[in-house]
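# sharing a sequence plus its predicted fold:
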Amino acid sequence: MSRLEVRDLTVGYESGPVLHAVGVEVPHGELLAIVGPSGCGKTTLLRTIAGLLRARSGEVRIGQRMVTTHGIHLAPEKRRIGWVPQDAALFPHLTVAENVAFGMLAGRGSSRAARRAARSEEVRRLLELVDLAPLAERLPGQLSGGQAQRVALARALASGPELVLLDEPFGALDPMLRGDLRLAVRELLRAEGVTGILVTHDQAEALSIADHVAVMRGGEVLQLGTPEEVYRTPATPWVAGFVGDAVFLSGVLHGDEVATGIGRLRATPVADAAGLVPEDGAAVTVLVRPEEVRVRRVDAPSAAPAPDADELDGVVTDVEYTGHDAMLAVALADGQRLQARVTASGLVPRGSEVRVSITGPVLAYAPESAATA
């Protein structure tokens, strides 16, 4: 079983630590996506798991083998790890089949050995898995970006790894190809029963294909959970804003409601890092997702029915149309602004008078968690 366990991992350079007691776990055969801003330590974590960097302290276990701990640093080539970089990094003088065969040799073979191994049944099977069998004799220069990344994936799988590390493998691809390839990668890893870690700057990508998502900032993992947990119940307002669009309001907690500038909203208090939940009467920061903002167009204000008790008057000041849905910017009568996500069929033109309300309970955080997260 190729379960990955990382515990209390601290890694640094001469300038200081980059990772601070990082811990993540990935069950056998599942995919973890790591997201975070540039410089947060995502690639450092990946390189340390691969054995390319030494840890100052902490542990890395792959399956039943301890590969990093105090006094132990297993060499990269002995860790049974496959690596898929952003640029594919194929050998330009070897054919597609030979590049995949080189992966079977675990980097210890020669071009001549790769050419012999290229005719094996295993190489043919892997090329069929990535839908590239007809291109086996092509050189990398004759491939598209997506095809090259498929070869890199097949090469990473060729050595029979327990773990595959994917470092921004779709970053250089166009959006349509990127979407198709990431789904193909997810299906391939599942079919092969291989555990995977994907580093990406694309939050939507992480939420859509991963079994688990780790959100990093400043060398720490702020939250680790399923995509739904990270999106629906973010640990901090910063996490909420990083993994999706968010509207933040100030308010005061009163029982199961928060009094805000747009009215009283049903709320669920969220514990901070110390486990403390905002108390009744405390000032809080409220998270509202744009899809929780309901917008009702008022075509003829003079003849329209009176607003519901929970509705506020506003005007649509901007529309960001994406095809399947749209993001509306709404200016309320009191000067406050909200964002609302609507379906394409519910599109409201800029300048329209609307009435808005919040659907469902919101999350309430202590202001300190918003400042320190």
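Ah, there it is.
# who touches Gln336 in this structure?
261-262 (CB atoms under 8 Å, 6 or more residues apart in numbering). Just so you know, the C-beta spots here come from the backbone N, C-alpha and C atoms, and that holds for glycine as well.
# and it, what's its pLDDT?
pLDDT for Gln336: 88.
# got it, and Ala214?
So Ala214 comes in at 97 (pLDDT).
# does it sit in a helix, a strand or a coil?
Classification of Ala214 by DSSP: H, G, I helix; E, B strand; the rest coil places it in strand.
# and the gap between it and Val24?
Note on Ala214: its distance to Val24, by CB to CB, to the nearest Å, is 5 Å.
# mutual contacts of these two, please.
The contact lists of Ala214 and Val24 share 32, 34, 221, 224, where a contact means CB under 8 Å, 6+ apart.
# please save the CA atoms from the lengthiest helix in the chain in CSV.
Ordering each helix of the chain by length in residues (DSSP state H) puts helix 175-192 first. Taking C-alpha atoms only, helix 175-192 is exported to CSV below (Å, rounded to 0.1, in the frame of the first residue of the first chain):
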residue,chain,number,x,y,z
PRO,A,175,-7.5,26.0,-21.0
MET,A,176,-9.4,23.4,-23.1
LEU,A,177,-6.5,21.0,-23.3
ARG,A,178,-5.7,21.6,-19.6
GLY,A,179,-9.2,20.5,-18.6
ASP,A,180,-9.1,17.4,-20.7
LEU,A,181,-5.6,16.3,-19.5
ARG,A,182,-6.2,16.8,-15.8
LEU,A,183,-9.2,14.5,-15.9
ALA,A,184,-7.2,12.0,-17.9
VAL,A,185,-4.4,12.1,-15.3
ARG,A,186,-6.9,11.6,-12.5
GLU,A,187,-8.3,8.5,-14.3
LEU,A,188,-4.9,7.1,-15.0
LEU,A,189,-3.7,7.3,-11.4
ARG,A,190,-6.9,5.6,-10.2
ALA,A,191,-6.6,2.9,-12.8
GLU,A,192,-3.0,2.2,-11.8
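# and it, what does it pack onto?
Counting contacts by 3 or more CB pairs under 8 Å, 6 or more residues apart in numbering; DSSP states H and E, helix 175-192 is packed against helix 121-129, helix 145-158, helix 203-209.
# what segments of the stretch 251-373 of the chain are helices?
In chain order, the stretch 251-373 of the chain shows helices spanning 367-372, with DSSP state H, counting those that start in this stretch as the criterion.
# where does it dip in pLDDT?
300-309, 368-373 (pLDDT under 70).
# if we can go back for a sec, who wins on neighbours among the shared contacts of Ala214 and Val24?
Comparing those by number of neighbours (other CB atoms under 10 Å), Ile34 comes first, having 25 neighbours.
# before we move on, what SS does that residue have?
Recorded secondary structure, Ile34: strand (three-state DSSP).
# mean neighbour count, distance to Val288 and mean pLDDT added to the helices and strands packed on helix 175-192, as a markdown table?
Shown next, in a markdown table, are those (neighbours: other CB atoms under 10 Å; distance: least, CB to CB, whole Å; pLDDT from 0 to 100):
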| stretch | mean neighbour count | distance to Val288 | mean pLDDT |
| --- | --- | --- | --- |
| helix 121-129 | 17 | 44 | 86 |
| helix 145-158 | 24 | 38 | 89 |
| helix 203-209 | 18 | 18 | 91 |
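# who wins for proximity to Ala191 among the ones you listed?
When the helices and strands packed on helix 175-192 are compared by CB to CB, helix 121-129 sits nearest Ala191, at 7.1 Å.
# run the chain-centre distance for the closest one.
30 Å (CA atoms, centre = their mean, to the nearest Å).
# domain parsing for this protein?
Under the assignment automatic domain parsing, the domains of the chain span 4-232, 246-373.
# measure how far the last one is from the centre of its chain, please.
When you say that, I think you mean domain 246-373. 25 Å.
# I'd guessed Leu135 sits against Gln147; true?
Yes. Look at Leu135 against Gln147 with CB atoms under 8 Å: they come within range, at 6.7 Å.
# please enumerate the shared neighbours of the two.
By CB under 8 Å, 6+ apart, no residue touches both Leu135 and Gln147.
# which residue is the nearest non-sequential neighbour of Glu162?
Ser2 (3.6 Å; CB to CB, 6 or more residues apart in numbering).
# on that earlier part again, for Ala158, state which of the shared contacts of Ala214 and Val24 is nearest.
Among the shared contacts of Ala214 and Val24, Leu32 lies closest to Ala158 (CB to CB), at 22.1 Å.
# give the buried residues for the longest helix of the chain.
Neighbour counts over helix 175-192 (16 or more other CB atoms under 10 Å) mark 177-179, 181-182, 184-186, 188-189 as buried.
# same check on stretch 285-299?
So stretch 285-299, judged by 16+ other CB under 10 Å, has buried residues 285-295, 298.
# ditto for stretch 80-96
80-84, 86, 88, 90, 94-96.
# got the end-to-end distance for it?
By CA to CA, to the nearest Å, the extent of stretch 80-96 from end to end equals 22 Å.
# likewise for stretch 27-37?
First residue to last in stretch 27-37 (CA to CA) measures 25 Å.
# got the buried residues for that stretch?
Going by neighbour count (16+ other CB under 10 Å), the buried part of stretch 27-37 is 29-36.
# repeat for stretch 320-338
For stretch 320-338, a neighbour-count test (16+ other CB under 10 Å) marks 325-330, 332, 338 as buried.
# now the two most distant members of those.
Checking those with CB to CB, the most distant pair is Asp325 and Leu332, at 21.5 Å.
# hmm, back to that, is it true that the residue nearest to Glu162 touches Ile62?
Yes. Using CB under 8 Å, Ser2 is in contact with Ile62, at 6.5 Å.
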